[in-house]
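Q: Sharing a sequence plus its predicted fold:
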Protein chains: 2
Amino acid sequence: MRRAVDVPALVESARAGSPRAVARLISLVEDGHPALREVMAALAPHSGSAYVIGITGSPGVGKSTSTTALVGAFRERGLRVGVLAVDPSSPFSGGALLGDRVRMQDHALDPEVYIRSMASRGHLGGLSWTTPQAIRVLDAAGCDVVLVETVGVGQSEVEIAGLADTSIVLLAPGMGDGIQAAKAGILEIGDVFVVNKADRDGADATVRDLRHMISLGDRTEPGLWRPPVVKTVASQKLGLDEVMEALDKHRAFIEENGELVRRRERRAADEIESIALAAVRARFGHVAGHEGLGALARQVVAGEIDPYAAADRLVDRLEA
Amino acid sequence: MRRAVDVPALVESARAGSPRAVARLISLVEDGHPALREVMAALAPHSGSAYVIGITGSPGVGKSTSTTALVGAFRERGLRVGVLAVDPSSPFSGGALLGDRVRMQDHALDPEVYIRSMASRGHLGGLSWTTPQAIRVLDAAGCDVVLVETVGVGQSEVEIAGLADTSIVLLAPGMGDGIQAAKAGILEIGDVFVVNKADRDGADATVRDLRHMISLGDRTEPGLWRPPVVKTVASQKLGLDEVMEALDKHRAFIEENGELVRRRERRAADEIESIALAAVRARFGHVAGHEGLGALARQVVAGEIDPYAAADRLVDRLEA
C-alpha cells in the first residue's frame, strides 16, 4: 500500500527550503505517484522563475566536473542551484544503473545546492515528462538555476534541448569532431559549445572544426544566435568565466528577442501533450476488452484489416 | 505537387516481384505519402507470411557482414529475402547521413534479394511505424524472410526487438562485455546472441561473460527460451550454420508455444496505437487556435494552471 501524502505540508516545506521535502516530491515524480496531480497543481503558482540550463555530451567529456564547476560559479553569485543528473537507462531495467551517485562532493554540505540523480523511465521513449516535473519541483522550491545534466548521447540530447532555456554541449579533444557532432545532431541543439580538457592535444583543432561546422549551418544569419565555442579545463576551473559570460549573453539574447518565452511555451506544450497522450493511451487499453486494441491487432495480423483502418476504429471508440 | 499514385497497379507489380515497384512503395512509406492508407489497405490481405529477424548491435561489430552472410544462407534454402538497414539518424537532419549505401555487393544482382537503407524519422521518437510499414511492403511482395538491421545502440535496439519475430544481438570481443550489454538493455531483447570476430582475442571471455549474465536473468526458468550464444567470423562465413540452427530452433519454439502470434499481435498493436496517437496529436494541433495547445502552454508558463489540468482540457476538447 502506498503511504498517504500530505501534499500542502510537503509543498510548504519544500518552498521553505527543506531538502527532505524536495527529495520526497521528486521521488513522487519518479514513482508516477497518484498524488502528482495535486502536487503539480500546488506547485504551479510558484514556478516560472528558475533558469534551466542543459548540459550534455558523450561519456568521458567531463560532464560531472563541469557541472560541479558551474554550480560553484552560480553559488558565488549567491544563487540557489538545483542539479538533476539524468541517466537515460534501459526502459527494461526500470532505474538508473548508476543509482544515486556520491559525487559533486564540493557542494554536498551547501544547503543552497540540491543535487539529484534521476532515471529517465521513458514512457513514450526518452526523458518523457519526469524531468520537466522534477524541474518544476526545484523551481517552486526556490532554485534560481536548475542544471540538467544528461549522460549518454543521441536522442536524450535532443530531448534535453527541448527542456532547457540554454543548452551547453560539452566536447573533448579528439572525441567530438565535427562529423561526429553532426551525426549526433548536437550542432543544432547547442547554444554554447564547450571544449573541455583543453589542455590536451587537439583542443584547438576541435574548436576550429566545431566553428567551421557551425558556420556551415544556417545559424550565421543576422538576428540568429551564433553559438560560441569556449575552451575549459573544468577540473582546474579554467575558462569558467568565459562559459558564464556565454551563458549570460545567451540568456540576454533570448530574453530580448522573445525566444525564451517561446522555448518555455514549447516545453510546456510538450509536457501537456505527453500527459494528454498518456491519458488517451490508457483509454485505448481500457476499451481493449471489447473490439479494443487487442482485438484490432488480431485482425491486422490475420490480414482482415489494415493498421490505418484499425487506428480509425480505435479513435472513433475513444470519442463514442 | 505530389505525383498521383496508381496504388492497385503498384501493388500488383510489387507482388509480381518488380524491385522498382517495391522501391516506390517503400519511398511512399518514407515520405508519409497520403496514398499510404490506400497502399496499406491493398497490402493487408497479402501480408503475414514473412518471418522478421532483427539484427542489432553497436557500431563496429560487423552487422553488415553478418547480414550479408545470413542473406546468403537463406538464399541457399531458396527463400526470397528482404533487407531493411535502418539508420536511427538525427531527427533534425531528416534523413540518413549514410544515405543509400552501396554494399552487400554479393547480392546486388540477385532478383530474389531486395536491399534497402532507410532513415528512421522518429515521429514520437525512434523507429515509429515507418519500419513496420516497410516490412509490410516486403512481406506482401513475397519475401519469405525480412532482415531488419539497425545501426546504433540504445533505444533503437529496444524498439527493433518489438518488431522482430526473432532478435539477433551481435557483439564483438572486448566491445560487448556483460555490464555494457546490461546497461544497453540488450540482454533482455536478444533471442540469439552472436559473438562475431571470434578469431580475435577475448572471444571466449565475451561468450562466458554473456552466458553468465544470461544465467542471472529470469530466462532460465523452465518453459522459457534460453538464448544461445554463438561464435562467428562473418567475413569468412564461420559459425553461420550454428546461427541458422539457433534461428530455426527459436522459430520452432515460439511457433509451438504461441509466442510468435503474441509478438505479432503486440507489434500490430504498437503500430495501430502509433497511428492512432499521431491522429490524436494532429487533432491537438488542430484545436490549437482556440483554447488549444498553444493557449494552454501559455497558461502553464504563467503558472495559471498546471500541466495535468491543461492535459485534461485538451483531451476534453478532443471528445467535444
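A: Great, that's in hand.

Q: Find the least confident helix or strand in chain A, judged by mean pLDDT.
A: Each helix and strand of chain A was given a mean pLDDT (mean pLDDT, DSSP states H and E); the minimum falls on helix A:178-183 at a mean of 57.

Q: Ramachandran angles for A:I55?
A: Note on A:I55: backbone dihedrals following degrees, to the nearest 10 are phi -130, psi 120.

Q: Tell me who's in contact with it.
A: A:I55 is in contact with A:K63, A:S66, A:T67, A:L70, A:L147, A:V148, A:E149, A:T150, A:I168, A:L170, counting by CB atoms under 8 Å, 6 or more residues apart in numbering or on different chains. In short, each C-beta sits where N, CA and C put it, glycine included.

Q: Looking at those residues, which are in strands?
A: Secondary structure from DSSP state E places A:L147, A:V148, A:E149, A:T150, A:I168, A:L170 of the contacts of A:I55 in strands.

Q: and the stretch 201-320 of chain A, which residues reach chain B?
A: Neighbours of chain B within the stretch 201-320 of chain A, by CB under 8 Å from any CB of the partner chain: A:261, A:264-266, A:268-269, A:271-273, A:275-277, A:279-281, A:284, A:293-294, A:296-298, A:300-312, A:314-315, A:318-319.

Q: Separate out the buried members of the residues you listed.
A: Listed as buried from those are A:264-265, A:268-269, A:271-273, A:275-277, A:280-281, A:284, A:293-294, A:296-298, A:300-301, A:303, A:305-312, A:314-315, A:318; burial here means 16 or more other CB atoms under 10 Å in any protein chain shown.

Q: Tell me which entries of the residues you listed lie within helices.
A: A:264-265, A:268-269, A:271-273, A:275-277, A:280-281, A:284, A:293-294, A:296-298, A:300-301, A:307-312, A:314-315, A:318 (DSSP state H).

Q: Now do the SS call for A:L224.
A: coil (DSSP: H, G, I helix; E, B strand; the rest coil).

Q: Next one, pLDDT for it please.
A: pLDDT recorded at A:L224 is 87.

Q: same deal with the one 10 residues further on?
A: pLDDT, A:A234: 95.

Q: Give me the phi and psi for it.
A: Torsion angles, degrees, to the nearest 10, at A:A234: phi -60, psi -30.

Q: can you count the residues close to it?
A: Look at A:A234: counted by other CB atoms under 10 Å in any protein chain shown, it has 24 neighbours.

Q: Is it correct that it is in contact with A:A69?
A: Yes. The criterion here is CB atoms under 8 Å, and A:A234 meets it with A:A69 at 4.8 Å.

Q: Show me the common contact partners of these two, please.
A: A:L240.

Q: Report pLDDT for the closest residue to A:L314 other than its chain neighbours.
A: With sequence-adjacent residues excluded and distances taken as CB to CB, 6 or more residues apart in numbering or on different chains, A:L314 is closest to B:A276, at 4.5 Å. Confidence at B:A276, expressed as pLDDT, is 87.

Q: from memory B:A276 sits against A:V315, does it?
A: Yes. Using CB under 8 Å, B:A276 makes contact with A:V315 at a distance of 5.2 Å.

Q: re the thing from before, buried ones among the ones in strands among the contacts of A:I55?
A: A:L147, A:V148, A:E149, A:T150, A:I168, A:L170.

Q: Name all residues that make contact with the first one.
A: By CB under 8 Å, 6+ apart, A:L147 lies in contact with A:I53, A:I55, A:T67, A:L70, A:V71, A:V81, A:G82, A:V83, A:L84.

Q: Count the neighbours of the fourth one for me.
A: It stands for A:L70. For A:L70, using other CB under 10 Å, the count is 24.

Q: Same check on the third one?
A: Counted with other CB under 10 Å, the burial measure for A:T67 works out to 25 neighbours.

Q: Next, the contact list for it, please.
A: A:I55, A:V83, A:A85, A:M104, A:L147, A:E149.

Q: which one of the residues you listed is nearest A:G239?
A: Distance to A:G239 across the contacts of A:T67 (CB to CB) is lowest for A:I55, with 14.6 Å.

Q: Just list whatever residues bridge to that closest one.
A: Per DSSP bridges, residues listed as beta-bridge partners of A:I55: A:E149, A:I168.

Q: Please report how far it lies from chain B.
A: Distance check for A:I55 against chain B: by CB to the nearest CB, to the nearest Å, it reads 19 Å.

Q: element containing A:L84, please.
A: strand A:81-87 (DSSP states H and E).

Q: what helices or strands is whatever helix or strand comes next after that strand leaning on?
A: Next helix or strand after strand A:81-87 toward the C-terminus (DSSP H and E): strand A:113-119. Packing partners of strand A:113-119 (3 or more CB pairs under 8 Å, 6 or more residues apart in numbering or on different chains; DSSP states H and E): helix A:19-31, strand A:81-87, helix A:130-140.

Q: Walk me through which strands the second one pairs with, and which way each runs.
A: Just to be clear, that refers to strand A:81-87. Assessed with DSSP bridges, strand A:81-87 is paired to strand A:113-119 (parallel), strand A:145-150 (parallel).
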